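# predicted structure and sequence below. I'll ask about it afterward.
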Amino acid sequence: MQKNIAFFDFDGTITTKDTMLEFTKHTHGFVKYCVGMCIISPWLIAMKLGMLSKTKGKEKFISHFFKNTNIIKFNDYCLSFTKLIIPLLLKKNALQEIKKHKENKTEIIIVSASAENWVAPWCMENNLEFLCTRLKIMNEKITGTLLGKNCNGAEKVSRIKEKFDTANYENIYCYGDSSGDKEMLQLATHKYFRTL
């Protein structure tokens, strides 16, 4: 029997906005979010200019906004975000594409640089597998650093190959919208870049 698999980026592909930014607005409010972004702007600019890695930039962001947050409280925020905000950010055509794959019995995996804490609840609600960036936790608190690598660029491919032997699939569908998806798109027999 023919085996098919589909890998979807999350932010910008299934959603209209970056969920890490929207999650932070949800937890801190717009004013505190804007103040925080001003404070860490030198690091964000350095990241955009290629002077700081995306991993270090993300860790600076997470550290500023969430370091020492209790993980139970943090995950409660994530569930709230999943229920209240994510539905407002979803692209109808992306959901239709996912529905089509489900009807065709395609395996569907969300591959995201966003933290699994808020992506996973949405995936589980929709019976989707996921590979995401993981946050390091110590003493039940967010440390501000990542557990392993940022799930972006070449790391998306590494995470996929850890779990799936793509040689076993006749059709491999990949969906992305940014430079961080380009390595993943090279796995595809059917690639979709900013076409949803």
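Everything's here; your move. Numbers count the residues shown, from 1 in each chain.
# what are the contacting residues of the lengthiest strand in the chain?
Looking across the chain with DSSP state E, the single longest strand is strand 107-115. By CB atoms under 8 Å, 6 or more residues apart in numbering, the surrounding residues in contact with strand 107-115 are 3-11, 14, 18-20, 54, 58, 62, 98, 101-102, 119, 123, 128-135, 150-152, 156, 159-160, 164, 169, 180, 184. In this view, the C-beta of every residue, glycine as well, is placed from N, C-alpha and C.
# out of these, which sit inside helices?
19-20, 54, 58, 62, 98, 101-102, 119, 123, 156, 159-160, 184 (DSSP state H).
# among the residues you listed, which has the minimum pLDDT value?
Checking pLDDT across those, the minimum falls on residue 54 at 89.
# that one reaches residue 150, doesn't it?
Yes - in this structure residue 54 lies within contact range of residue 150 using CB atoms under 8 Å: 5.8 Å.
# where does the chain have low pLDDT?
Scanning the chain for pLDDT under 70 picks out the ranges 1, 196.
# quick one: contacts for the closest residue in space to residue 55 that isn't next to it in sequence?
In space, not counting the residues next to it along the chain, residue 55 is nearest to residue 150; the distance is 4.3 Å by CB to CB, 6 or more residues apart in numbering. Contacts for residue 150 (CB under 8 Å, 6+ apart) come out as 54, 55, 58, 113, 133.
# and residue 131, by the same measure?
109, 110, 111, 112, 151, 156, 159, 160, 163.
# check those residues and tell me the two furthest apart.
By the measure CB to CB, 112 and 163 form the most distant pair in these, at 14.3 Å.
# so for those two, which residue has more residues nearby?
Neighbours were counted for residue 112 and for residue 163 using other CB atoms under 10 Å; residue 112 has more, 28 against 9.
# quick check: beta-bridge partners of the more buried one?
Note on residue 112: beta-bridge partners by DSSP bridges are residue 132.
# hey, where'd the strands end up in this structure?
With strands called from DSSP E, the chain shows them at 4-8, 107-115, 129-133, 135-138, 141-146, 171-176, 190-193.
# so which of those strands comes closest to residue 29?
strand 141-146 (18.5 Å).
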